[in-house]
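# Mind looking at a prediction? Sequence and model below.
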Number of protein chains: 2
Amino acid sequence: MIVGYFQFSPEFGNKDTNLEKVQDSLSGVNADLIVLPELAFTGYYFEDRNELSGLAEDASDSNTVNVLSKLCKNYNLYIVTGFAERENNKLYNSALLIGPSGLISTYRKIHLFNTEKEYFDPGNISLKPITINGASIGLMICYDWIFPEVTRSLAIQGVDIICHPSNLVLSYCQKTMISRCIENGVYAITANRTGTEVRPRGELIFTGQSQIVNTKGEVLAHSNVDDDELVIQEIDPLEAKQKMLTENNHLLNDRRPEYYDVLYK
Amino acid sequence: MIVGYFQFSPEFGNKDTNLEKVQDSLSGVNADLIVLPELAFTGYYFEDRNELSGLAEDASDSNTVNVLSKLCKNYNLYIVTGFAERENNKLYNSALLIGPSGLISTYRKIHLFNTEKEYFDPGNISLKPITINGASIGLMICYDWIFPEVTRSLAIQGVDIICHPSNLVLSYCQKTMISRCIENGVYAITANRTGTEVRPRGELIFTGQSQIVNTKGEVLAHSNVDDDELVIQEIDPLEAKQKMLTENNHLLNDRRPEYYDVLYK
């Protein structure tokens, strides 16, 4: 299976330009699955809920989704992308899985970061795996990384590949995603954005360094802080089915939930 | 608060020699809390349950505990140490908290590593904090590191400092403990052993590199692979009460357990 990410710097508020950039960059790509950054078409640092509302789209009636669906159909490709989603009067920081047949699955960020809490509604969809080309994939978004429960919940449901659209401003995530892969025996594709957004609220500098990590925590591919880059990498999703760390230790079955009861309260 | 660890190479089966080494090294130490490695007095790589049984002690009637208690009394010190524990016909890979008044608390490793499953019984005591000198401490042992649920369960109960006696043979732990500190906003003291044990089952090489990590994931102190070393470090346990990563993000209160329900089944 050939997976990858496209790291780039979306232009705030300019969905057409960003869509063109993604179309140009992914045209003809030889890959099965490409992950794009969080909020890849709208930009990130919204002034308020009103500004976000003007840019968000209903995923079932979205030019962005239509364009990406055609791209997937043309190149027999799956794309996971960040997406500013409107559903009725709700606004979500979402990740969409799109394939040759169109929109397949939606995840809405359950752990909102900082000012996102002011304009996004918290996610309301369970963490669920989706199978494509025989591999089980799970979606999480950016700041979800700091909650080990997210990757864990996906791994326990059989996810092989974590797809992780991000707009990171902190520096810890990439190393912690290595821990997530080791502790769960999964692959992770963190697609981060680059560039700076100068907005009424202030300036945000995004940290790039997108990466693909294997089930043993080895970094198979990574990018630097500020380059636009399409990276593809062959992986074997079956490696994520192998959860024995030693001949006596299964990463998931060795859990003892009866001793974690304070986590359930 | 001054905390630390003593990294050394216990001699297999020679409890008196190991006790003397610890006594000599800790005598007169200016610290509040010192962490010793897992199974610090017996050694690690038991041939079978019978051999372990001959070396394990009842913590309530133990020369090892008595000697350490005197050490704690003499120097107004708390010690966390690994301990091969017998209780009736059960054998546990335990960590003890000992203070000036003697044995205070016991934790029994709930996630046994590799051949430990052949001769140790799995731990049967809840993960609970204990307060000493105003700081809440939590005990975990070696391979517990790979289960994010362990540190999380302790942090949710208010633990400030994770005390982590270890006999590590893998290389991932130290970096993952940095993630544990970041995701939970806690300190962690990983006291690993050094040296090689050549035993009937084969040879084990322990990896040292003990470390003290602060609540932001910064390594405050660390040792190399093979030196015997007593390391002390001043820390402020109150920093672990500060769980706000941004003005809008609390590391623990932002959890959304209703979305982690697959972890509870």
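Everything's here; your move. Numbering: from 1, shown residues only, chains lettered A, B, ... in the order given.
# what number of residues lie near A:Arg201?
As a burial measure, A:Arg201 scores 13 neighbours (other CB atoms under 10 Å in any protein chain shown). To be clear about C-beta, it is placed using only N, CA and C from the backbone, and glycine gets the same treatment.
# Now do the contacts for the closest residue to chain B within the stretch 101-250 of chain A.
For the stretch 101-250 of chain A and chain B, the shortest gap (CB to the nearest CB) falls at A:Pro148, measuring 3.5 Å. Listed by CB atoms under 8 Å, 6 or more residues apart in numbering or on different chains, the contact partners of A:Pro148 are A:Arg180, A:Glu183, B:Pro148, B:Glu149, B:Arg152, B:Glu183.
# measure A:Pro165 to B:Gly138 for me?
34 Å (CB to CB, to the nearest Å).
# out of those two, which sits in the more crowded spot?
Using other CB under 10 Å, the more surrounded residue of A:Pro165 and B:Gly138 is A:Pro165, with 31 against 27.
# and the gap between the nearest residue to the more buried one once chain neighbours are set aside and A:Gly99?
Of all residues not flanking A:Pro165 in the chain, A:Gly82 sits nearest, at 4.0 Å (CB to CB, 6 or more residues apart in numbering or on different chains). Using CB to CB, A:Gly82 is found at 17 Å from A:Gly99.
# Between the two, which is the more surrounded one?
A:Gly82 (29 against 21).
# separation between that one and chain B?
19 Å (CB to the nearest CB, to the nearest Å).
# That residue sits in which helix or strand?
strand A:78-87 (DSSP states H and E).
# Quick check: which helices or strands does that strand pack against?
Using 3 or more CB pairs under 8 Å, 6 or more residues apart in numbering or on different chains; DSSP states H and E as the contact definition, the elements that strand A:78-87 packs against are strand A:33-35, helix A:49-55, helix A:63-75, strand A:90-99, strand A:102-108, strand A:161-165.
# so which of these gets nearest A:Glu234?
A:Glu234 lies closest to strand A:33-35 among these, at 11.5 Å (CB to CB).
# mean confidence score for the closest one?
Regarding strand A:33-35, the rounded mean pLDDT is 98.
# Run the chain-centre distance for that strand.
Its chain's C-alpha centre and that of strand A:33-35 lie 9 Å apart, by CA atoms, centre = their mean, to the nearest Å.
# Same check on stretch A:114-130?
13 Å.
# Please apply the same query to stretch A:200-209.
Its chain's average C-alpha position is 18 Å from that of stretch A:200-209, according to CA atoms, centre = their mean.
# Could you tell me the end-to-end distance of that stretch?
Stretch A:200-209 has its terminal residues 26 Å apart, counting by CA to CA, to the nearest Å.
# Check whether that stretch comes into contact with chain B.
No - if you take CB under 8 Å from any CB of the partner chain as the test, stretch A:200-209 misses chain B, and the best it gets is 12.2 Å.
# what does that stretch rub up against?
Residues contacting stretch A:200-209 (CB under 8 Å, 6+ apart): A:7, A:9, A:44-45, A:47, A:115, A:167-171, A:174, A:192-197, A:222-227.
# pLDDT averaged over it - what is it?
Mean per-residue pLDDT for stretch A:200-209: 96.
# With stretch A:162-181 instead?
96.
# right, and A:Phe8 touches A:Glu20 too?
No - if you go by CB atoms under 8 Å, A:Phe8 and A:Glu20 don't touch, sitting 11.5 Å apart.
# between the two, who's got more neighbours?
Under the criterion of other CB under 10 Å, the comparison of A:Phe8 against A:Glu20 puts A:Phe8 first, with 24 against 12.
# show me what contacts the closest residue to the more buried one other than its chain neighbours?
The shortest distance from A:Phe8 to any non-neighbouring residue, by CB to CB, 6+ apart, is to A:Asp228 (4.4 Å). Counting by CB under 8 Å, 6+ apart, A:Asp228 touches A:Gln7, A:Phe8, A:Ser9, A:Ser25, A:Thr194.
# Compare these and tell me which is most surrounded.
The residue in the contacts of A:Asp228 with the most neighbours, by other CB under 10 Å, is A:Gln7 (29 neighbours).
# what pLDDT does that one get?
For A:Gln7, the pLDDT comes out at 98.
# Can you report how many residues neighbour the closest residue to it other than its chain neighbours?
Distances taken as CB to CB, 6+ apart place A:Ser210 nearest to A:Gln7, at 4.3 Å, with adjacent residues excluded. Using other CB under 10 Å, A:Ser210 has 30 other residues around it.
# A:Ser210 against A:Tyr5, yeah?
Yes - contact criterion CB under 8 Å: A:Ser210 and A:Tyr5 qualify, at 5.0 Å.
# Show me whatever sits in contact with both of the two.
By CB under 8 Å, 6+ apart, the residues touching both A:Ser210 and A:Tyr5 are A:Ile189, A:Thr190, A:Ala191, A:Ser223, A:Val231.
# In strands only, show me those residues.
Using DSSP state E, the members of the shared contacts of A:Ser210 and A:Tyr5 that fall within strands are A:Ile189, A:Thr190, A:Ala191, A:Val231.
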